[in-house]
Structure formats: structure tokens, C-alpha cells
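Trainee: can you look at this prediction? I've put the sequence above it.
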Amino acid sequence: MENNKIEDYLLEIGAVQIQPNDLFTWTSGLKSPIYCDNRLTMSYPHVRKHIIDEMVRYIDQLDEEVDMIAGCATAGIPHAAWVADRLNLPLVYVRGEAKKHGKGNQVEGDLSQGSHVVVIEDLISTGKSSIASSEALRESNKKVVCILSIFNYNLHAAEEAFEAKRYKTHSLATYNELIHIMKEKDQLNEEEYGKLQKWSADPQIFTKN
């Protein structure tokens, strides 16, 4: 499967669940016909190696030099660690909010070790968690070169949020490409494909009903 896309690997290991007629409910209350569990990639060495290969390849071609990797807690941490190890760069990780005890840190690790950071997240939905992590790094006087994720739901709200904060983003796999591949593999019929397209254009469509 060396020539396969990340979407193919996610489908291979069962990381993607599509339920257009039995919707998932996200923490935000949003009703969704898809759930992508990128945590499963940790358990498949050939899949995680391919993901790290692609992340390292992308970072290597960035115009700006990168001297630190940051993982978003919790699902972004293992992939950030593997990338940092491959590139021999310092690693930190970022919580959604500062701890309520101890040193009260939101960012863990030695921030003095770098100034230009790539933030690694497992997936991007609304973009809120990635932006919160990146803002914590900005407040620590770090330059966020890019937010890099395994999967992106292609929601317009996320795109607008990143543009408003002027964050460069890149995802190895996308929702639009995923459902296209599933249709090509006859894993979605026309009705299901149409429903999934409608959700992408208006993610509130099923929540309103």
C-alpha cells in the first residue's frame, strides 16, 4: 500500500466510521455523519510510519526554519513526539487550558529550546483546540510556522477561524477526498454521498432537525 493516500490507510484500519442515518453527536452538540478516530493509527506501525514520513516531508519543504515541535494534548502528542524524534528537534505539548494545580502550566517542556514551532494535531474539526494551543505558544513569544494535522473535516468555520488568526494549516487527509475515495470504492452509494456532501457544506443541517 506504499502508493496509497492517508485516507486509504484510515479506511484500512477502521479509523473512519460513516453513519449517515445514525448520526454521531460531537461534544459541541453538532450532529455528524462521520467520526474519524486517528488514535487508532498509533497501533499500526506501517500506518504511523507513513504519517510521520508525510509530516516530516512537509516540514522539510517549509520556507521557514523549524526548531521546535509542539503536540496538542492529547491525541497530537504521540505523532508530535515521533516527528520531533525523526527531525532531532525539541518537543513540547500544549494542554487545552492551564493546569489548576502545580506550576499551572499550559505548555509542558522547555520552551527556551526553540522559537519557530510546528503544531501537530490529530484532526481539525472547528479548529478551536488547535487555535487555543497555538495561541498559548504565541503568548509565550513563539512563532507558529504551521498547524499540521492528520485529518481535516473541511468545515468552513475552521478555515475562517484560521484565516482570522493568520495561521497556516496543512492536513495529510481531508474529508472531501475521503468521501470521494469511499464513493470510488463503492463504500458509499449516491444517496449517502450526497448526504455527506450536504453536511460538509452546512454542518448544522442535521443539528437543526
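Mentor: Right, received. Where do you want to start?

Trainee: now do the helices in the chain.
Mentor: Under the criterion DSSP state H, helices of the chain are mapped to 6-12, 45-60, 77-87, 128-139, 156-165, 175-184, 190-201.

Trainee: out of those, which is closest to Asn38?
Mentor: helix 6-12 (7.4 Å; CB to CB). (Glycine included, C-beta is placed from N, CA and C.)

Trainee: low-confidence ranges in the protein?
Mentor: Where the chain drops to pLDDT under 70, the residues are 1-3, 98-104, 207-209.

Trainee: about what we covered before: can I get the helices of the chain in a markdown table with distance to Ser115?
Mentor: As requested, these are exported to a markdown table (distance: least, CB to CB, whole Å):
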| stretch | distance to Ser115 |
| --- | --- |
| helix 6-12 | 29 |
| helix 45-60 | 15 |
| helix 77-87 | 15 |
| helix 128-139 | 10 |
| helix 156-165 | 19 |
| helix 175-184 | 33 |
| helix 190-201 | 37 |
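
Trainee: and of the ones you listed, who's closest to Arg39?
Mentor: helix 77-87 (8.6 Å).

Trainee: tell me what angle the closest one forms with helix 45-60.
Mentor: 60 degrees (axes from the mean of the first three to the mean of the last three CA atoms, to 10 degrees).

Trainee: helix 77-87 - contacts with which helices or strands?
Mentor: Applying 3 or more CB pairs under 8 Å, 6 or more residues apart in numbering; DSSP states H and E, one finds that helix 77-87 contacts helix 45-60, strand 68-72, strand 91-94, strand 116-124.

Trainee: one more time with 10 Å
Mentor: The elements that helix 77-87 packs onto, with contact taken as 3 or more CB pairs under 10 Å, 6 or more residues apart in numbering; DSSP states H and E, are helix 45-60, strand 68-72, strand 91-94, strand 116-124, strand 143-152.

Trainee: next, the angle strand 116-124 makes with it.
Mentor: Our comparison of helix 77-87 with strand 116-124, counting by the same axes, to 10 degrees, yields an angle of 140 degrees.

Trainee: what's next to helix 77-87, contact-wise?
Mentor: 38-39, 41-42, 48-49, 51-53, 55-56, 58-60, 66-73, 89-94, 108-109, 118-122, 148-150 (CB atoms under 10 Å, 6 or more residues apart in numbering).

Trainee: I would like a ChimeraX command selecting only the buried ones among these, please.
Mentor: This is the ChimeraX syntax for the buried subset of these, where burial follows 16 or more other CB atoms under 10 Å:
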select :38,41,48,51,52,55,58,59,66,67,68,69,70,71,72,73,89,90,91,92,93,94,108,109,118,119,120,121,122,148,149,150
